[in-house]
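From the sequence below, what's the structure:
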Amino acid sequence: MGYADLHARSIEDPEGFWLQAAEAIDWVRPPSRALWDATAPVYQWYSDGLVNACWNAVDRHVIAGRGAQVAIIHDSPVTHTVRQITYAELQVRVASLAGALAARGVGKGDRVILYMPMVPEALEAMLACARIGAIHSVVFGGFAANELATRIDDAQPKAIIAASCGIEPGRVVHYKPLLDRAIEMARHKPEFCVIFQREQEVAELIEGRDVDWYGFQYGVASADCLPVEGDHPLYILYTSGTTGQPKGVVRPTGGYLVALNWSMKNIYGVDPGEVFWTASDVGWVVGHSYICYGPLIHGNTTVVFEGKPVGTPDAGTFWRVIDQHKVASFFTAPTAFRAIKREDPEAALLDGYDTSSLRTLYLAGERADPDTVEWAQKKLGVPVVDHWWQTETGWAIAANPMGYDPLPIKVGSPSVPMPGYDVRVLDEGGHPVPAGTLGAIAIRLPLPPGTLPTLWNAEDRFRKAYLEHFPGYYETGDAGYMDEDGYLYIMARTDDVINVAGHRLSTGAMEEVLASHPDVGECAVIGVADELKGQLAFGFLCLNKGVDRPEEDVVKECVALVRDRIGPVAAFRHAVVVDRLPKTRSGKILRATMASIADGRDWKMPATIDDPAILDEIGTALGRRGFPNATD
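I've put the predicted structure just below:
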């Protein structure tokens, strides 16, 4: 059957569809049914099955005779090292760490916080927890102490596993002092901390609480895989909340394994044994799903990359990794390619590498503007597939099923809903809008396997945040439209749709126009308060390297472009050139924070910001453009 029939079957017969998909997973006790809805609208999948995530990601491949295959490639340009770990080696390492945790009393349902950089030991710690039924919660390495303390109090971990440091271009990030301060601040105290000492920095251990990674495991028996129920939480992953209190997304084990395994072949088009690379971080959902669990469950070789798209050492580092490790399928954020394009507009550095192993490039995490997609397609000569999903869903809501039934690529669209996702575009009253009309994107319940069933210790908050606004639907918080062919277009977060004199306008559409200017490497549009029109659009432009002409000329041309392609209704008259944009470490542009600065409203420093100093530059730039409150 083709894509349309496949998707229709998943909506009309979810029970049959997802029970069949579950057959690709090793179950200790197969589930008797797929969907459990006794507490609707909070649904569960595979609740009576027994399964283990670590077995499916590691042991079963060794048992199948593929232990000599490389499971993890650690490529670290910041430390100038590359190392490989086979599935057989990974099994020994994970079982040893799991045994040490179990010997210290960590068991099924206990929480373990992981505070790690991009090293294989981060994946090993995740898998070790899964092996014994403990629930891990990865906190992005280097997060501020107060943010880490908040997560410690919410998850109440029995143990914390951390590294002594992380490595960034030109500097060492000291993790251990941040960890010590976080534990001091937190009301809840872990029973012990396991510290992985890196050669770049050996941290001082606190006697009675801290244990060394290797010493901790010495002389302790390895642990076997513990079967857990299909709806047992595999991990908690915190995502920022509008209240300032992070939301702990719960990921159930069984549905996650089934969905990820299905996606590796059908969405990402890879076969077991091939090299799959996701350039992200284990602190984000992308790292959980497609650096750790997805590739390993499917039997691929996964690349753990400790570097940046530019600066480690240059804008050709992605091409070097693809060439050196023969990457077949590559997944990263659009912002990474915008950085490369801005630094090396002609992709001159690509000439020194052989990227012929690469079949497809996948983008997600931030809207993929057409200019960036077309640049990547032209330079790499492979399909560039935008796809859309969220921390909450754990895998793609909309994508192009490249490994099942490849569809025509429409630049600017993440393509079509994936199996189990019944996507609708609604008006404020919850009514479907016509094709091509901007609205709120919602998903009719139930959500498919692998998605969140609730928030950690906050079911009421889960219902209020996602289920109450549109009864019978999951509210994504994104705005966009669907065309006549069923292709989805994600134009902005719902909060980023601005109202100019009664006209609802997408900031994403304006950014798309600005990005098409040949001198613009990256851009962002926000809505700022205006007494007459309610809101006005304001643009931030980052120019390509080597542009040598007056900034005022570029701004004038960009304003004219928006007025020409979107129309006078956009009332787009203001833009400023800046060196860089404020982003999270995963590459999301902090538009809401920029808008608060422009309007002179109170704002909180985002926990996930990559470089706080950029906000001072934004405030100064806005001050130059007549926003007197922006620098307050």
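
Could you chop the chain up by domain?
87-226, 501-624 (automatic domain parsing).

mind checking which of these is nearest Gly430?
domain 501-624 (16.6 Å; C-beta to C-beta). In short, each C-beta sits where N, CA and C put it, glycine included.

now that closest one: mean pLDDT?
Across domain 501-624, pLDDT averages out at 85.

Quick one: find the helix or strand in the protein with the lowest mean pLDDT.
Of all helical and strand segments in the chain, the minimum by mean pLDDT, DSSP states H and E falls on strand 503-506, at a mean of 69.

Test for you: state the pLDDT assigned to Asp495.
For Asp495, pLDDT reads 60.

swap in the one 3 residues further on?
Residue-level confidence at Ile498 comes out at 74, pLDDT.

Wasn't it part of a strand?
Yes - according to DSSP: H, G, I helix; E, B strand; the rest coil, Ile498 belongs to a strand.

what's in contact with the one helix or strand Asp75 maps to?
Applying DSSP states H and E as the criterion places Asp75 in strand 70-76. With C-beta atoms under 8 Å, 6 or more residues apart in numbering as the test, strand 70-76 has contacts from 58, 61, 81-87, 89-90, 118-120, 123, 167, 275, 296, 301-307, 321, 324-325.

cool, stretch 337-348 as well?
Under C-beta under 8 Å, 6+ apart, the answer for stretch 337-348 is 309-310, 314-316, 318, 363, 369, 372, 375-376, 379, 521-522, 542-546.

List the contacts of Ile160.
Ile160 makes contacts with 112-115, 152, 179, 183, 190, 193-194, as judged by C-beta under 8 Å, 6+ apart.

three-state assignment of it?
When classified by three-state DSSP, Ile160 comes out as strand.

Quick check: next helix or strand after the host helix or strand of Ile236?
Ile236 is part of strand 233-239, with elements assigned from DSSP H and E. Counting by DSSP H and E, the next helix or strand C-terminal to strand 233-239 is strand 247-252.

That next one - contacts with which helices or strands?
helix 145-155, strand 233-239 (3 or more C-beta pairs under 8 Å, 6 or more residues apart in numbering; DSSP states H and E).

try it again with 10 Å
strand 135-138, helix 145-155, strand 233-239, helix 459-462 (3 or more C-beta pairs under 10 Å, 6 or more residues apart in numbering; DSSP states H and E).

okay, the ones you listed in JSON lines with mean pLDDT, distance to Leu127 and mean neighbour count next?
Formatted as JSON lines, the helices and strands packed on strand 247-252 follow (pLDDT from 0 to 100; distance: least, C-beta to C-beta, whole Å; neighbours: other C-beta atoms under 10 Å):
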{"stretch": "strand 135-138", "mean pLDDT": "98", "distance to Leu127": "9", "mean neighbour count": "25"}
{"stretch": "helix 145-155", "mean pLDDT": "92", "distance to Leu127": "18", "mean neighbour count": "20"}
{"stretch": "strand 233-239", "mean pLDDT": "95", "distance to Leu127": "11", "mean neighbour count": "24"}
{"stretch": "helix 459-462", "mean pLDDT": "92", "distance to Leu127": "27", "mean neighbour count": "16"}
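
just so I know, which of these lies nearest Arg251?
Nearest to Arg251, of the helices and strands packed on strand 247-252 and by C-beta to C-beta, is strand 233-239 at 5.0 Å.

can you redo the helices and strands packed on strand 247-252 as TSV with distance to Met594?
Shown next, in TSV, are the helices and strands packed on strand 247-252 (distance: least, C-beta to C-beta, whole Å):
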stretch	distance to Met594
strand 135-138	28
helix 145-155	21
strand 233-239	20
helix 459-462	27
